[in-house]
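> Got a predicted model here, sequence first, then my questions.
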Amino acid sequence: MDAKELLRRYTAGERDFHTVDLGGAYLREANLSSVAMRKASLVAANLSSADLVGADLSGANLSQANLSGSHLSGTHLNGAILTEADLTEADLSGTNLFLADLRRAVLTEAELAGAHLHGARLEGACLNRVSLCRADLRGAHLEQANLAGANLCRANLTQVNLGRADLSGANCERVDLSGANLVEADLSWANLEGANLSNANLYQVNLNGANLTGANLHRANLIDSKLTLAGLRGANLEGAELTRATLTEADLSWSHLDGANLSGARLRKATLVDVNLGSVILRGADLMGAKLDSVNTPSADLSWAVMPNGTVHP
């Protein structure tokens, strides 16, 4: 079947075209709303600006297809293959992409608010400035994905793999990243206010300038992390592992650090107003110039730590 035959039969009222082979078909700006093309082959097809609202493309092969500017709101793409597809500025709000393969796909400025991406493969995908507000990304694979400037407000990213992903400048307000893998990810200047990062692996993560006000980092792994100029006011860092973390000029006022390990951490000129350091390990930490107003340190381990006045604690 070719594109003309498909459109003729669609116009006549036919809707079920499952397993059809339309590889390389030219369907730019075509109206195919509510069409059923389950397990169809649309490899390298041109569907730019097409209307596919409410369509069923479950299991379809759309690898290298051009879907830029297309309307896919509410479409079923569960299990679909979209590797290297162009979805620039496409509307995928509320779309079902459960277990879809989007490796190396381009989704720049696409709309994915409320989309279901549970278990989806997005390794190496370009998602810069994409909208994923309230999207379900549980268990998704986003290693080395580009999410710079993305909107992930209130999205569910529990157990997600974001190793080496670029989330610089992203809006991650109240996002759920509990148990996520963020090893060596770039979250510099990202907004993580109220985010849930409990038990997350943030080893060597870049959080320079990030807003973590009120964030939950309970038992998070932040070894060798970069938090220069980070805002951590009221953050929960209980039991967090911050060995050798760089917190230069970070604001930790009113944060909760019970049981945290800050051995060898760099806290120069950091602000720790109204913080309880009673059970914190600060062995060998550098606190030169730090502001420690109203700080409680009765049983903190400060052995060999450099104190705010430059003296070394015995």
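Okay, I see it.
> got the phi/psi numbers for the closest residue to Arg244 other than its chain neighbours?
Counting by Cβ to Cβ, 6 or more residues apart in numbering, Arg244 lies nearest to Gly264, which is 4.5 Å off, once chain neighbours are set aside. Every C-beta, even on glycine, is put in place using the N, C-alpha and C of the backbone. The phi and psi torsions at Gly264 (degrees, to the nearest 10) take the values phi 70, psi 10.
> isn't there a strand covering Arg9?
No. The assignment for Arg9, made by DSSP: H, G, I helix; E, B strand; the rest coil, is helix rather than a strand.
> number of nearby residues for it?
Using other Cβ atoms under 10 Å, Arg9 has 14 neighbouring residues.
> mind checking how far it is from Leu22?
12 Å (Cβ to Cβ, to the nearest Å).
> ok, now which ones touch Ala55?
Leu32, Ser33, Ser34, Val35, Ala36, Met37, Leu72, Thr75, His76 (Cβ atoms under 8 Å, 6 or more residues apart in numbering).
> which one of those residues is nearest Ala270?
Leu72 (46.7 Å; Cβ to Cβ).
> give me every residue that touches that closest one.
Contacts for Leu72 (Cβ under 8 Å, 6+ apart) come out as Leu52, Val53, Ala55, Ala90, Asp91, Leu92, Thr95.
> coming back round to it: now for the contacts of Ala55: which two are most distant?
The span of these, defined through Cβ to Cβ, is set by Ala36 and Leu72 at 14.4 Å.
> can you map out the helices along this structure?
3-11 (DSSP state H).
> low pLDDT regions in it?
294-299 (pLDDT under 70).
> cutoff 50 now
Along the chain, no part satisfies pLDDT under 50.
> Run through the residues that contact Pro308.
Leu287, Met288, Gly289, Ala290, Lys291, Leu292.
> before we move on, what about Asp301?
Val280, Ile281, Leu282, Arg283.
> run the last query once more with 10 Å
Asn261, Leu262, Ser263, Leu277, Ser279, Val280, Ile281, Leu282, Arg283, Gly284, Ala285, His313 (Cβ atoms under 10 Å, 6 or more residues apart in numbering).
> and the residues you listed, which are buried?
Asn261, Leu262, Ser263, Leu277, Val280, Ile281, Leu282, Arg283, Gly284, Ala285, His313 (16 or more other Cβ atoms under 10 Å).
> before we move on, the earlier item: put the buried members of the contacts of Ala55 into a ChimeraX selection.
To isolate the buried ones among these in ChimeraX, judged by 16+ other Cβ under 10 Å, type:
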select :32,33,35,36,37,72,75,76
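> Adding distance to Gly114, write the contacts of Ala55 out as CSV.
Formatted as CSV, the contacts of Ala55 follow (distance: Cβ to Cβ, whole Å):
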residue, distance to Gly114
Leu32, 22
Ser33, 19
Ser34, 19
Val35, 22
Ala36, 22
Met37, 23
Leu72, 13
Thr75, 13
His76, 14
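> so, if you compare the contacts of Ala55, which one comes nearest to Asn151?
Looking across the contacts of Ala55 and measuring by Cβ to Cβ, the closest to Asn151 is Leu72, at 18.2 Å.
> Surely Thr11 is in contact with Asn31?
Yes. With contact defined as Cβ atoms under 10 Å, Thr11 reaches Asn31; the gap is 8.8 Å.
> more crowded one of the two?
Asn31 (14 against 9).
> Val53 is in contact with that one, correct?
Yes. Between Asn31 and Val53 there is a contact under Cβ under 10 Å: 9.5 Å.
> Need the residues touching each of the two.
His71.
> returning to what we had before: Leu207 versus the residue nearest to Arg244, what's the distance?
The value you get for Gly264 to Leu207, if Cβ to Cβ is used, is 17 Å.
> What residues does Leu157 make contact with?
117, 132, 135-140, 142, 172, 175-180, 182, 195-197, 200.
> before we move on, back to that, who has more neighbours, Gly264 and Leu207?
When Gly264 and Leu207 are compared for neighbours, Leu207 comes out ahead with 32 against 19, by other Cβ under 10 Å.
> For the more buried one, give me its contacts.
Contacts of Leu207 (Cβ under 10 Å, 6+ apart): 167, 182, 185-190, 192, 197, 215, 222, 225-232, 245-247, 250.
> From the residues you listed, which land in strands?
Among the contacts of Leu207, no member falls in strands (DSSP state E).
> Leu227 contacts Ser255, doesn't it?
No. Using Cβ under 10 Å, Leu227 is not in contact with Ser255, being 11.5 Å away.
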